[in-house]
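Enquirer: Structure for the following, please:
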Amino acid sequence: MFDEFFLIFLINLAIYLNRNKIIKFYNVYDLPDKKRKIHKFKTSLLGGYIFFINIIFFSIIIFFSDNFSVNSLVLFNNINNYFTFFFISACFYFLGFFDDKYNLNANLKFLIITLLIIFIIYFDKDLQIRIINFSFTDRVFDLKNLSFIFTLFCFIAYINAFNLYDGINLQIGIYFLIILIFLAFVTNFNYFIISLFFPLFVFLILNSEGKIFLGNSGTYLISFIISYLFIKTFNLFGTIFSDQILLIMLIPGLDMIRLFFTRIKSKKNPFTPDRNHIHHKFLEVFGYKKTIILISILSFLPIILINYLKSYFTILFIIFFYFFIIFTLKKLIKSLD
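Expert: Numbering: from 1, shown residues only. Modelled structure (predicted):
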């Protein structure tokens with residue numbers, strides 16, 4: 001185990017030490033504009049590449065290391081499911097890569113994402129959400145024939161919510177860190193989940209320095225991985241409940257719903273980018289440093305509350321608190337104008 005993790009550490013150390021050469025070789029940048037983006041210089045979209053390279057090396061390691069693969073594959077149930085996961089992860093990465101480079105049509109991206117999710121749900125039977133359960137009651141809802149459609153909806157909704165939640169340096173990285181810590185505990189520190197901490201720390205360091213962004217290659221890849229891991233943990237480990245997953249994903253989900261509703265109300269395409277995200281509103285009032293602290297607290301709040309309050313009360317509280325924050329920020333922004 002230690003040899004494998006040490007190898008993963010060395011791979012990520014090499015990525016960090018050679019970051020400038022890799023950034024130059026990768027040659028995909030996010031250019032600033034005066035409409036929506038807040039950065040002032042062209043910035044590499046290397047984030048997704050760091051995670052994808054790690055998944056490639058992880059796949060090689062589990063192929064040659066029996067002890068490492070036994071622990072890791074508990075999360076996937078069998079090697080075939082893992083390589084199906086790897087194939088779809090690669091597809092998400094390259095979809096995001098081409099979107100970063102060529103700015104693909106939003107409808108085309110939605111179609112490709114939908115087809116990819118349908119493919120993996122069809123071939124990985126352990127990935128279908130067949131029941132909905134709650135931490136505060138023994139009652140279980142059997143989805144029966146709705147299982148496939150509901151799983152597809154959950155994947156697509158979260159991938160879009162995660163993508164919209166990626167707005168400023170460290171925001172999405174800290175949110176991913178919170179999720180990984182939670183998943184590590186509920187899966188008894190599964191090796192695959194532990195291995196994701198290594199590229200995440202490299203990304204957080206480089207992102208904090210303003211050298212790289214996650215890019216769509218990263219947001220598509222990571223949002224797919226998170227969705228996949230939550231469903232697999234729910235189905236195979238049975239250590240989390242449906243309402244707990246909802247809680248952890250609630251803030252990005254609420255922001256997505258509000259943004260879509262606002263855009264549709266304004267007769268705009270719901271996928272059209274704007275500066276109406278919650279992080280943009282925080283920035284207008286508090287500046288970057290206070291914003292990242294407040295956003296991090298907001299992301300971490302559901303996990304803190306879930307240990308002390310009934311989840312249905314926590315969900316209602318988070319919804320109320322989110323819209324209270326949005327209302328307050330609008331008032332503060334108006335007073336500053």
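Enquirer: Quickly find the element holding residue 139.
Expert: In the assignment (DSSP states H and E), residue 139 maps to strand 137-142.
Enquirer: helices or strands up against that strand?
Expert: If you count contacts as 3 or more Cβ pairs under 8 Å, 6 or more residues apart in numbering; DSSP states H and E, strand 137-142 packs onto strand 131-134. (Glycine included, C-beta is placed from N, CA and C.)
Enquirer: how about the strands of the chain, start to end?
Expert: Assigned by DSSP state E, the strands in the chain fall at 29-30, 43-44, 131-134, 137-142.
Enquirer: So which of those is the most surrounded?
Expert: strand 43-44 (a mean of 20; mean count of other Cβ atoms under 10 Å).
Enquirer: picking that back up, can I get the strands of the chain in TSV with mean pLDDT and distance to residue 66?
Expert: Shown next, in TSV, are these (pLDDT from 0 to 100; distance: least, Cβ to Cβ, whole Å):
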stretch	mean pLDDT	distance to residue 66
strand 29-30	84	42
strand 43-44	90	37
strand 131-134	90	33
strand 137-142	86	37
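Enquirer: wait, what's in contact with the residue nearest the centre of the chain?
Expert: Nearest to the mean C-alpha position of the chain, by Cα atoms, centre = their mean, lies residue 223 at 3.5 Å. Residue 223 sits next to 158, 159, 161, 162, 163 when contact means Cβ atoms under 8 Å, 6 or more residues apart in numbering.
Enquirer: By neighbour count, which of those wins?
Expert: Using other Cβ atoms under 10 Å as the neighbour criterion, residue 162 leads the contacts of residue 223 with 25 neighbours.
Enquirer: pretty sure that residue is touching residue 225, no?
Expert: No - contact criterion Cβ atoms under 8 Å: residue 162 and residue 225 do not qualify, at 10.1 Å.
Enquirer: Quick check: closest non-adjacent residue to residue 291.
Expert: Residue nearest to residue 291 in three dimensions, not counting chain neighbours: residue 282, with 4.0 Å by Cβ to Cβ, 6 or more residues apart in numbering.
Enquirer: quick one: that neighbour from residue 216, how far?
Expert: 23 Å (Cβ to Cβ, to the nearest Å).
Enquirer: List the buried residues of the lowest-mean-pLDDT helix or strand in the chain.
Expert: Within the chain, no helix or strand scores below helix 66-73, which has a mean of 75 by mean pLDDT, DSSP states H and E. Using 16 or more other Cβ atoms under 10 Å as the test for burial, helix 66-73 gives 68, 69, 71, 72, 73.
Enquirer: Who are the packing partners of that helix?
Expert: helix 47-64, helix 79-102, helix 191-195.
Enquirer: who wins for proximity to residue 202 among those?
Expert: Residue 202 lies closest to helix 47-64 among the helices and strands packed on helix 66-73, at 5.7 Å (Cβ to Cβ).
Enquirer: orientation of the closest one relative to helix 66-73 in degrees?
Expert: Counting by axes from the mean of the first three to the mean of the last three Cα atoms, to 10 degrees, helix 47-64 lies at 130 degrees to helix 66-73.
Enquirer: residues of helix 47-64 that come out buried?
Expert: Residues of helix 47-64 classed as buried by neighbour count (16+ other Cβ under 10 Å): 47-55, 57-58, 61-62.
Enquirer: likewise stretch 224-240?
Expert: 224-235, 240.
Enquirer: For the residue lying closest to residue 159 once chain neighbours are set aside, give me the pLDDT.
Expert: Residue nearest to residue 159 in three dimensions, not counting chain neighbours: residue 223, with 4.3 Å by Cβ to Cβ, 6+ apart. Looking at residue 223, its pLDDT is 95.
Enquirer: Pull the number of nearby residues for the nearest residue to residue 104 once chain neighbours are set aside.
Expert: Spatial nearest neighbour of residue 104, chain neighbours left out: residue 98 (6.2 Å); criterion: Cβ to Cβ, 6+ apart. By other Cβ under 10 Å, the residues close to residue 98 number 16.
Enquirer: quick one on the thing from earlier: may I ask which two of the buried residues of helix 66-73 are separated the most?
Expert: Farthest pair in the buried residues of helix 66-73 (Cβ to Cβ) is 68 and 73. Separation: 9.3 Å.
Enquirer: anything in contact with each of those two?
Expert: Common neighbours of residue 68 and residue 73, counting by Cβ under 8 Å, 6+ apart, are residue 62.
Enquirer: which residues sit in contact with the closest residue to residue 210 other than its chain neighbours?
Expert: Nearest residue to residue 210 in three dimensions, chain neighbours excluded: residue 169, at 6.2 Å (Cβ to Cβ, 6+ apart). Residue 169 is in contact with 207, 208, 210, 213, 288, 292, counting by Cβ under 8 Å, 6+ apart.
Enquirer: Dump those residues to CSV, plus distance to residue 154, neighbour count and pLDDT.
Expert: Putting the contacts of residue 169 into CSV (distance: Cβ to Cβ, whole Å; neighbours: other Cβ atoms under 10 Å; pLDDT from 0 to 100) gives the following:
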residue, distance to residue 154, neighbour count, pLDDT
207, 27, 24, 93
208, 31, 13, 91
210, 34, 12, 86
213, 26, 27, 91
288, 32, 14, 87
292, 28, 20, 91
